[in-house]
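Trainee: here are the coordinates; sequence isn't available:
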């Protein structure tokens, strides 16, 4: 990852529970019809993100290391998450972040990673959790390039401006990129860095300065909206009926 000059304020996580059990699906930023292999792959791993992580890691031939997060939404509204490193996931409900994944680090700015080498973490080191979702919830997943440069309240305000998940994801990625290049922005990364003891030299502190700035890094953003399969079917039937009338 990047050098420790500017880092994410560590989030907390908790569980919330779904009171009603209708069937749900995720409305992602691109159509699942483009992935005909997906349903079969999920069945092969028994809808377990940790098993999928193990299989994906074993099948990877690229040299290097990477953080990884996997989330699977079941039809009953249960979201299963497996995470290694400092990628993150937020669940937004009614204008608030009601769930967030904490990062896994060896020390500041050195996250857990899956590696092509023998040393390093494995799927067994993944933080595994579940959360019960409701219709209308928004899921935001991203690399640390998002969460190091965008505060949770900015994620909420940005996504609330868009009904379309694609547009929301693009807006968040653009905001993260702009903040990462702003040397005067007091980012989540710079705030965390100061809390870990990284700051400007003493003489600059005497002048009233402090460590600020975003964190230039890779930025990946995925936004999904939870919708009811029943409502989705009704919408599809209405559109077909409308098409027949035209």
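Mentor: That came through fine. Everything numeric here is computed off the predicted structure, so don't read it as measured data. Numbering: from 1, shown residues only.

Trainee: wait, is residue 69 part of a strand?
Mentor: Yes - membership of residue 69 in a strand is supported by DSSP: H, G, I helix; E, B strand; the rest coil.

Trainee: partner residues bridging it?
Mentor: Under DSSP bridges, the beta-bridge partners of residue 69 are residue 83.

Trainee: and residue 72, how far is that from residue 57?
Mentor: Residue 72 sits 16 Å away from residue 57, taking CB to CB, to the nearest Å as the criterion. In short, each C-beta sits where N, CA and C put it, glycine included.

Trainee: where does residue 129 sit: helix, strand or coil?
Mentor: strand.

Trainee: element containing the closest residue to it other than its chain neighbours?
Mentor: Spatial nearest neighbour of residue 129, excluding adjacent residues (CB to CB, 6 or more residues apart in numbering): residue 81 at 5.2 Å. If you go by DSSP states H and E, residue 81 is part of strand 78-84.

Trainee: then residue 177?
Mentor: helix 165-180.

Trainee: now the following helix or strand past that helix and helix 165-180, what's the angle there?
Mentor: Next in sequence after helix 165-180, counting helices and strands by DSSP H and E, comes helix 188-195. Note on geometry: by axes from the mean of the first three to the mean of the last three CA atoms, to 10 degrees, helix 188-195 and helix 165-180 are set 40 degrees apart in direction.

Trainee: can you name the element that comes right after helix 188-195?
Mentor: Counting by DSSP H and E, what follows helix 188-195 is helix 202-206.

Trainee: so the next helix or strand after that next one versus strand 78-84, what angle?
Mentor: Sequence-wise, the next helix or strand downstream of helix 202-206 (DSSP H and E) is strand 221-228. Taking the same axes, to 10 degrees, one finds strand 221-228 and strand 78-84 inclined to each other by 160 degrees.

Trainee: list the contacts for residue 178?
Mentor: Taking CB atoms under 8 Å, 6 or more residues apart in numbering, we find residue 178 in contact with no residue.

Trainee: center of the chain, which residue is that?
Mentor: By CA atoms, centre = their mean, the chain has its centre lying nearest to residue 141, at 1.7 Å.

Trainee: quick check on that one: phi, psi?
Mentor: phi -120, psi 150 (degrees, to the nearest 10).

Trainee: what of the one 10 residues further on?
Mentor: Here the main-chain torsion angles of residue 151 (degrees, to the nearest 10) amount to phi -70, psi 160.

Trainee: ok, it to residue 88 distance?
Mentor: Look at residue 151 and residue 88: by CB to CB, they are 12 Å apart.

Trainee: equivalent analysis for residue 60, please.
Mentor: Residue 60 is 22 Å from residue 88, by CB to CB.

Trainee: neighbour-wise, which of the two wins?
Mentor: residue 88 (22 against 13; other CB atoms under 10 Å).

Trainee: mind listing the residues bridging to the more buried one?
Mentor: Listed beta-bridge partners, residue 88: residue 142 (assigned using DSSP bridges).

Trainee: list the buried residues in stretch 62-75.
Mentor: Burial within stretch 62-75, assessed by neighbour count using 16 or more other CB atoms under 10 Å, is assigned to 65, 66, 67, 68, 69, 70, 71, 72, 73, 74.
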